[in-house]
Every structure is written in C-alpha cells, then in structure tokens.
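S.K.: pasting a predicted model and its sequence here:
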Amino acid sequence: MSQENEWGEMIAAIKEDHEKAKGGNTKYWAPPSDEEGTFPIRILPPNRKGGETRFYFHHFTHWIERNPYECLNQDLVDKDGNLHPAEECPICKFVGKLYKTAERGDEEWKLAGELSRKPRYVYRVVVRGSEDETVPKFYETGKMIFELLYHLLTETDYGIIVDPKNGRDFNLTKTGKKRMARYEQSLPSANTSPIFKDVESLKKVLTNMDTMPYNSLIEFVAYDVLKSALNRHLDIEEEQPRAATQATASVKANTKPVATEPPVEQDEDEVDDIDKILSEFGQE
C-alpha cells in the first residue's frame, strides 16, 4: 500500500476539520474569504429533465451564532424528499414581537434585523480553474448578487448568460475580505461561449448536474430545537417565557473591468455535436 493510500483517510479528515475551523460550509463553494480578485464561474441553466424552470433555488435562512437554520415558515422539500409545510417559526415570532415594541434604530430594533430571516439564492456553477471543471459546485448568495443577475438578464443586452451554448461566464469581482467583501463590480464576460467547447466535457457537466437536486441542501430542525438555539443566543433560561422585553437584557454583541478575449471560431461539426448533447439533456 502506498503512503498516499495509507494516510489518505487521515488527510481527508484533517482537511474537513480545517474547513470547519475556518467556519466554512462544505456544501457550498465560495471565493476565498481572505482574498480579493476576480473569480470566473459559469452559472448553469435549469435542469430541464428535473422539471426546473429557474436557474437558481430560493429559500429563507435565520442566522444564529453564525450558524444557518432554515426558517420553518416555508414550503420546501427537504433532503429526504419529504415536503415540509410552512409552520410557525419561533424566531419569526420573536422578531415580530421585537418590531412591534422597539423604536427604530435602538438595540431591540437592531436585534430584530439580525435575527430576521434572510433570502438566500443557490446556483449550480462551474468554477473556472478548479481541479475538475466538469464537477459543478453549489454557490449560495444573498440578495445583492441575485439582484445583479436579475438586472443583467432583464435589463441589459448581455442576453441569457446561463444559456449552455450561447451564454457567458460570470466574473465575480471581489473587493474587501471576509465580512467586508463586496461584489458590485462583477460582470459577465464580453464574449458568448458554450459551457465547454468539447462535447465530452459538456456531457459530463450536464450529467453531474442531474445528481445535484437543490433539496439535497435542505434540512429542517424541530420547533423546540430552533427555540432552544434562540434562547441560548439570548441567554434566556428555557423555562422563562418568551417576551420581547427579555431580548435586550443580555443581548450578545453581533455587529453584525474584466479582460476580454477575441471570439474563438468553432468547427461546424463541433457546433452540431453540442446541439445534439443539449437536445439529449433537454437544454436546446
């Protein structure tokens, strides 16, 4: 047995712990938190074979102590394939009480904003320059990047940038590091192109996309578990009643141009092959 095989499992475990220590979420790809620069990705189209009409998945998340929790007040299919019907969410209920009693701008108002559910958008993306670009990653963003993509698709001449044949790579331009990161300067590539020019890579990425249902990311916790997480965050004893006035007694401080390339001429047979592959996957 080679040394690489003998110690491979240990190295993999160390890498996993290293990501957890950095606060990383291995479900999602993200640009390095401590780097600035441009990170090219290709946003993949909807999975037509799976009945999708959108190239993204939308859900709502509460963040407590930097840990994400699915809001209970949303209809979603979870990772086990079970439909979770919308129900009362203890965090939404608590936030509602705070907004009713708080003065705009005071500590309780800020706490309500921190705990309120946040829209999250998930995309399947090809990460350019990755070890194997035919293996897509999940990429999750907040509202800002989604609004930028919405603007590009509906109000500009860039066209359908997620089109698998005539779309564009998307250059994530990151300024600032960690929580100060901003992406307003991100733009699509100047030239259109297929996801991959060779049909084998195109087929691989579309096949791999089939194995990435969005619901595989969704996991709900029970009402009482979510309530306990909230109470721990607020230092409220479990037997004490939930009340907006208790929130501020012990609130923990939680302050919370792209280079262009000349177009590449494609062989007509190559274009025909790409059309065949896209047709096979319902992406024509």
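M.R.: Yep, that arrived.

S.K.: which helix or strand contains residue 62?
M.R.: For residue 62, the element it lies in under DSSP states H and E is strand 56-64.

S.K.: gap between residue 76 and residue 232?
M.R.: Applying Cβ to Cβ, to the nearest Å, the value for residue 76 to residue 232 is 25 Å. C-beta: built from backbone N, CA, C; applies to glycine.

S.K.: and the strand holding residue 62, which strands flank it?
M.R.: strand 67-70 (antiparallel), strand 118-127 (antiparallel) (DSSP bridges).

S.K.: okay, now residue 214: neighbour count?
M.R.: 21 (other Cβ atoms under 10 Å).

S.K.: show the contacting residues for it.
M.R.: By Cβ atoms under 8 Å, 6 or more residues apart in numbering, the contact list for residue 214 reads 57, 122.

S.K.: next: residue 134.
M.R.: Shown in contact with residue 134 (Cβ under 8 Å, 6+ apart): 126, 196, 201, 204, 205, 208.

S.K.: restricted to helices, list those residues.
M.R.: Taking DSSP state H, the ones among these that sit in helices are 201, 204, 205, 208.

S.K.: the third one and residue 195 touch, don't they?
M.R.: Yes - with contact defined as Cβ atoms under 8 Å, residue 205 and residue 195 form a contacting pair (6.0 Å).

S.K.: comparing those two, which residue is more hemmed in?
M.R.: Taking other Cβ under 10 Å, residue 205 and residue 195 do not tie; residue 195 has more neighbours (26 against 22).

S.K.: quick one: the helices in the stretch 101-250 of the chain?
M.R.: 107-115, 143-155, 199-210, 223-234 (DSSP state H, counting those that start in this stretch).

S.K.: now for the last one, which elements pack on it?
M.R.: I take that to be helix 223-234. Judged by 3 or more Cβ pairs under 8 Å, 6 or more residues apart in numbering; DSSP states H and E, helix 223-234 is in contact with strand 56-64, strand 67-70, helix 90-101.

S.K.: the nearest residue to residue 143 once chain neighbours are set aside - how many residues pack around it?
M.R.: Take residue 143 and drop its neighbours on the chain: the residue closest to it by Cβ to Cβ, 6 or more residues apart in numbering is residue 119, 5.4 Å away. The tally of other residues near residue 119 (other Cβ under 10 Å) stands at 13.

S.K.: from here on, call the first residue 20.
M.R.: OK, 20 is where the count begins now, so the last one is residue 138.

S.K.: give the contact list for residue 138.
M.R.: 77, 78, 79, 161, 162, 165.

S.K.: ok, back up a step: want to throw the contacts of residue 153 into CSV with pLDDT and distance to residue 72?
M.R.: Below are the contacts of residue 153 laid out as CSV (pLDDT from 0 to 100; distance: Cβ to Cβ, whole Å):
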residue, pLDDT, distance to residue 72
145, 98, 21
215, 97, 24
220, 96, 26
223, 97, 24
224, 97, 20
227, 97, 21
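
S.K.: can you tell me which two in these are farthest apart?
M.R.: The distance between the two most remote of the contacts of residue 153 (Cβ to Cβ) is 12.0 Å, for 215 and 227.

S.K.: who's more crowded, these two?
M.R.: Applying other Cβ under 10 Å to residue 215 and residue 227 shows that residue 215 carries more neighbours, namely 20 against 16.

S.K.: what separates that one from residue 294, distance-wise?
M.R.: To residue 294, residue 215 is 14 Å away according to Cβ to Cβ.

S.K.: likewise residue 249?
M.R.: Between residue 249 and residue 294 the distance is 53 Å, computed by Cβ to Cβ.

S.K.: buried set for stretch 75-94?
M.R.: Across stretch 75-94, burial judged by 16 or more other Cβ atoms under 10 Å covers 75-76, 78-83, 88-91, 93.

S.K.: from those residues, pick the one nearest residue 120.
M.R.: Comparing the buried residues of stretch 75-94 against residue 120 with Cβ to Cβ places residue 81 closest, at 19.8 Å.
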